[in-house]
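Just need the structure, nothing else, for what follows:
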Amino acid sequence: MNEASSAVSASAPDAGGRLRELAQVALALAGLYFLLSAADLALHQRLANGHGDGLPSGLACVVSGPLSERIRAGEMAAPALGHDAVGTSASPSGELAAALERARARVGALTGGIRENDVSYAAIDGIAELVGARLHQASSGAPATLICPSGIIEVTPFSRTARRNLQPVELPAVPVVVNEALYVPVRGLDALLPVEARYDEHRRAWRLVNGEREMSVAMPEDLFEIEIDRSDRTLTISYAGERLVRWGCCVGEGGNTPVGTFHIANKARWAGWRAYWGEYIPGGSPRNPLGARWLGTTAHGRETGRAIGIHGTNQPSSIGRRISGGCVRVTNRHAIEMYDIIPIGTRVIIQE
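Residues are numbered from 1 along each chain as shown. Coordinates of the predicted model:
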C-alpha cells in the first residue's frame, strides 16, 4: 500500500506539470496568432491606402478596393444610373471638373441612360414621368404597368412582347434590369407611347418629346470626347459638344501614335509597366514612365503593337514634344483629373 501510494503521489505532480506546459504552449500560439493578425491588418491598410513603400521588392500583394473604386479602375463595367449622366468620381476637382460644371449649366439636365449590346435604354420611371403616367410595380425591376391618357401599357423584363391596351406590341429589343431598375429601349417607344425619339448628334444624346414635355437621355460614354492632335501636340476634351479643356501632351515619335477613332478601354492607378527590354517596373517607381494614372485605349502602336494609353509621366519636360513610344503623355495632375471624370467607352479621336 505504501509503494502504491507513493506511485500515485509521484504521478500527480507529473500530470499537473504536463497540463501547465500544454497551457503555456496554447497561450504562446494564441499570442503568435494575434500578432500575425495585427501585422496582416496593418499591411492591408497600408496597401489599401496606397502606401506600399518599404515593402520587400519580391513581395506582390493585391488588394481589392471597394466596388465603386474597382469600377472606376476599369476592372469591371457598370452602367451609370440615376439622373446624373456624368462623372465617375464622387468629388472630382481641378480645371476639368470646373469646366465640366460650367458646361453642364449651359447644356442643361441630361438623364442618365445605359447601353447594352449597342442598344440605348432609358429608365421606366423617367419615361412614366415624361408621359404623365402612374407607374405600378410590385418591386424595382419587376414587370411595370403604366396608366396614362393614351391607355394602359405593360412591360415585362427580358420579353420583347409588351402590351398596349391588352394588345401585343413587339419591341426592337428586350427591356433589361440593371441594379434592380427596369430599362426600356429608346428606339421603338413610339410603338407603345406618344413619344418621339430623335438622336441629337451635337449633344450626343437622345431627345424624347411628348407634346410640350421633353427630356434628354444620354450615355455617359457618349457625352465625352477626347481629341488628340499629333501635329500640335494637344489634347482636347469635350462634353455634349462643348469644349472643356485643351492641354499640351506628348505623342509618339514618327507614326507610333496611330491616327483614327478609338475608345477608352480601361483605367488604372499607378499602373505597372513592362519595359521594352522585358523588365517589369512597378507603379509609383521613379523609373515608371506611366505616371500617376493610366487610361488605356483600343488603339495599338504601329511598330510595337502595344496598347496605346493616355497617361501621366515621370518626364514632364516631354510634354509638347513628339518622342514617346506611341502613348500620349500628359502631366500627372491632368492624368488624375481625366481618370476621375472620363468614363470607360469615351471616344478618342487621334488626328495629324
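
switch to C-alpha atoms for all contacts and neighbour counts from now on
Will do.

which residues in the stretch 51-200 of the chain form helices?
Remark: helices assigned in the stretch 51-200 of the chain by DSSP state H, counting those that start in this stretch are 67-72, 95-107, 124-131.

Just name the most buried of those.
Neighbour counts (mean count of other Cα atoms under 10 Å) averaged over each of these peak at helix 124-131, with a mean of 19.

pLDDT on that helix, on average?
In this model, helix 124-131 has an average pLDDT of 92.

Then stretch 302-309?
81.

Return the set of buried residues in that stretch.
302, 308-309 (16 or more other Cα atoms under 10 Å).

For the helices of the stretch 51-200 of the chain, which has the smallest mean pLDDT value?
When the helices of the stretch 51-200 of the chain are compared by mean pLDDT, helix 67-72 comes last with a mean of 32.

and the buried residues of stretch 302-309 as a markdown table, adding distance to M338?
Formatted as a markdown table, the buried residues of stretch 302-309 follow (distance: Cα to Cα, whole Å):
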| residue | distance to M338 |
| --- | --- |
| R302 | 25 |
| I308 | 16 |
| G309 | 12 |
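
which ones among those are found in strands?
308-309 (DSSP state E).

and of the buried residues of stretch 302-309, the nearest to Q24?
Closest approach to Q24 among the buried residues of stretch 302-309 (Cα to Cα): G309, at 58.5 Å.

If the closest one is in a bridge, with which residues?
G296 (DSSP bridges).

Is it in contact with G291, as I believe?
No. Applying Cα atoms under 8 Å, one finds G309 not in contact with G291, separated by 11.6 Å.

and the closest residue to V186 other than its chain neighbours, how many neighbours?
Leaving aside its sequence neighbours, V186 sits nearest to Y121 (Cα to Cα, 6 or more residues apart in numbering; 5.3 Å). The number of residues packed near Y121 is 25, by other Cα atoms under 10 Å.

One more: R160?
17.

Likewise for P175?
Neighbour tally, P175, other Cα under 10 Å: 26.

who's in contact with it?
Going by Cα atoms under 8 Å, 6 or more residues apart in numbering, P175 touches 155-160, 182-185.

how about TSV for those, with pLDDT and distance to A197 added?
Below are these laid out as TSV (pLDDT from 0 to 100; distance: Cα to Cα, whole Å):
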residue	pLDDT	distance to A197
V155	95	18
T156	95	21
P157	94	21
F158	94	22
S159	95	21
R160	94	19
L182	92	19
Y183	93	15
V184	94	13
P185	94	11
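
Buried ones among the residues you listed?
Among the contacts of P175, those scoring as buried are 155-157, 160, 182-185 (criterion: 16+ other Cα under 10 Å).

How is the residue lying closest to E214 once chain neighbours are set aside assigned, secondary-structure-wise?
Leaving out its chain neighbours, the residue that sits closest to E214 by Cα to Cα, 6+ apart is L208, at 5.4 Å. Secondary structure, DSSP: H, G, I helix; E, B strand; the rest coil: L208 is strand.

Next, the buried residues of stretch 186-200.
Of all the residues in stretch 186-200, those buried under the rule 16+ other Cα under 10 Å are 186-189, 192-193, 195-197.

now do stretch 147-154
Here stretch 147-154 shows 147, 152-154 as buried, counting by 16+ other Cα under 10 Å.

What degree of burial does the spatially closest residue to T297 that is not a sequence neighbour show, as a neighbour count?
Nearest residue to T297, sequence neighbours excluded (Cα to Cα, 6+ apart): I264, at 4.4 Å. Counted with other Cα under 10 Å, the neighbours of I264 add up to 24.

residues in contact with the closest residue to H311 other than its chain neighbours?
Residue nearest to H311 in three dimensions, not counting chain neighbours: W294, with 4.5 Å by Cα to Cα, 6+ apart. Counting by Cα under 8 Å, 6+ apart, W294 makes contact with 267-271, 309-312, 335, 339.

out of the residues you listed, which are inside helices?
In helices, judged by DSSP state H, the following of these are found: 335, 339.

quick one: which of the contacts of W294 has the most company?
H311 (30 neighbours).

Double-check that residue against V330; I have them as touching.
Yes. The pair H311 and V330 qualifies as a contact (Cα under 8 Å) at a distance of 6.1 Å.
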